[in-house]
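Trainee: Provide a 3D model corresponding to the input given below.
(chains A and B)
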Amino acid sequence: SAVISQKPSRDICQRGTSLTIQCQVDSQVTMMFWYRQQPGQSLTLIATANQGSEATYESGFVIDKFPISRPNLTFSTLTVSNMSPEDSSIYLCSVEDRSTGETQYFGPGTRLLVL
Amino acid sequence: KNEVEQSPQNLTAQEGEFITINCSYSVGISALHWLQQHPGGGIVSLFMLSSGKKKHGRLIATINIQEKHSSLHITASHPRDSAVYICAVRRGYNTDKLIFGTGTRLQVFP
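Mentor: Reported below is the predicted structural model:
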């Protein structure tokens, strides 16, 4: 199994500022996923982060708004840039462990409120 | 129309009741996941299915590939089962992306 931690767990930010969310996994994983869950909605994939290459962004998400770093196989960051109230969401990182039958593991989430 | 649909959206039950949550999808898939999200936001993977049926404790998940339908059953429900249950599918074998349903909010009352 994989244990994932995220920092911060929650934050309240002012419009126009940026927040960097950290995701740490207790084992080496090839791919890490960043999701957004807006209030009352299900999860939407923002991007897939591979170590040593540029992240792959989903339609509607761009690198300038959500830059991602993946410096090694256990760590990734997602930055929410130039925030607006519409960015208020839970942001979750996730990994997949194919050695255990493609089980998905999720971090506890970062609850972001933009004023 | 969403590619993954869940029903019902909301469900209330008395402790001890048998509960069924349904998931229908409109695309070809290689696997289907059932996830549980508690009010604090944390998500736990319950099952990954590609065929047949799986059981873990009081939870049973089934999938019918031909009918593009899966069900999650909870036997002898308990208030601690109160959570949002999310169905997610993986399209094809060469992708790591999941498509998520909108979730079913379950409340079990004592």
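
Trainee: Low-confidence ranges, chain A, go.
Mentor: Applying pLDDT under 70 to chain A flags the ranges A:98-102.

Trainee: tell me which parts of it are close to chain B?
Mentor: A:31, A:33, A:37, A:41-45, A:48, A:90, A:92, A:94, A:96, A:101-106, A:108-109, A:111 (CB under 8 Å from any CB of the partner chain). Placement of C-beta: from N, CA and C, glycine included.

Trainee: Would you write a ChimeraX line that selects the buried entries of those?
Mentor: Per 16 or more other CB atoms under 10 Å in any protein chain shown, the buried members of these correspond to this ChimeraX selection:
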select /A:31,33,37,42,43,44,45,48,90,92,94,96,102,103,104,105,106,108,109,111
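
Trainee: Filter the residues of chain A next to chain B down to the ones in helices?
Mentor: Among the residues of chain A next to chain B, no member falls in helices (DSSP state H).

Trainee: Could you list the paired strands of the helix or strand that contains residue B:13 along with their orientation?
Mentor: Per DSSP states H and E, residue B:13 falls inside strand B:10-14. Sheet pairing of strand B:10-14 (DSSP bridges) gives strand B:104-109 (parallel).

Trainee: Please list the residues of chain B that sit near chain A.
Mentor: Counting by CB under 8 Å from any CB, chain B sits next to chain A at B:31, B:33, B:35, B:40-45, B:48, B:86, B:88, B:90, B:96-98, B:100-103.

Trainee: try it again with 6 Å
Mentor: By the rule CB under 6 Å from any CB of the partner chain, the part of chain B lying against chain A is B:31, B:33, B:41, B:42, B:43, B:45, B:48, B:96, B:97, B:100, B:102, B:103.

Trainee: In contact with the residue nearest the centre of chain A, which residues are there?
Mentor: Taking CA atoms, centre = their mean as the criterion, residue A:34 is the residue nearest the geometric centre of chain A, at 3.3 Å. Residues counted as contacts of residue A:34 (CB atoms under 6 Å, 6 or more residues apart in numbering or on different chains) are A:46, A:47, A:78, A:93.

Trainee: separation between it and residue B:75?
Mentor: Distance from residue A:34 to residue B:75, counting by CB to CB, to the nearest Å: 35 Å.

Trainee: can you check residue B:25 too?
Mentor: 24 Å.

Trainee: quick one, which of these two is more surrounded?
Mentor: Between residue B:25 and residue B:75, residue B:25 has the larger neighbour count (other CB atoms under 10 Å in any protein chain shown), namely 22 against 13.

Trainee: was I right about the more buried one contacting residue B:67?
Mentor: No. Using CB atoms under 6 Å, residue B:25 is not in contact with residue B:67; the gap is 10.1 Å.

Trainee: Helix or strand for residue B:32, just tell me which one.
Mentor: Per DSSP H and E: strand B:31-37 holds residue B:32.

Trainee: Tell me the first helix or strand C-terminal of that strand.
Mentor: strand B:43-49.

Trainee: pull the CA atoms of that following strand into CSV?
Mentor: C-alpha atoms of strand B:43-49 as CSV (Å, rounded to 0.1, in the frame of the first residue of the first chain):
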residue,chain,number,x,y,z
ILE,B,43,-10.8,9.0,-0.1
VAL,B,44,-10.3,5.3,0.3
SER,B,45,-10.3,2.7,-2.4
LEU,B,46,-12.8,0.0,-1.7
PHE,B,47,-12.7,-2.2,-4.8
MET,B,48,-11.2,-2.5,-8.2
LEU,B,49,-13.3,-4.7,-10.5
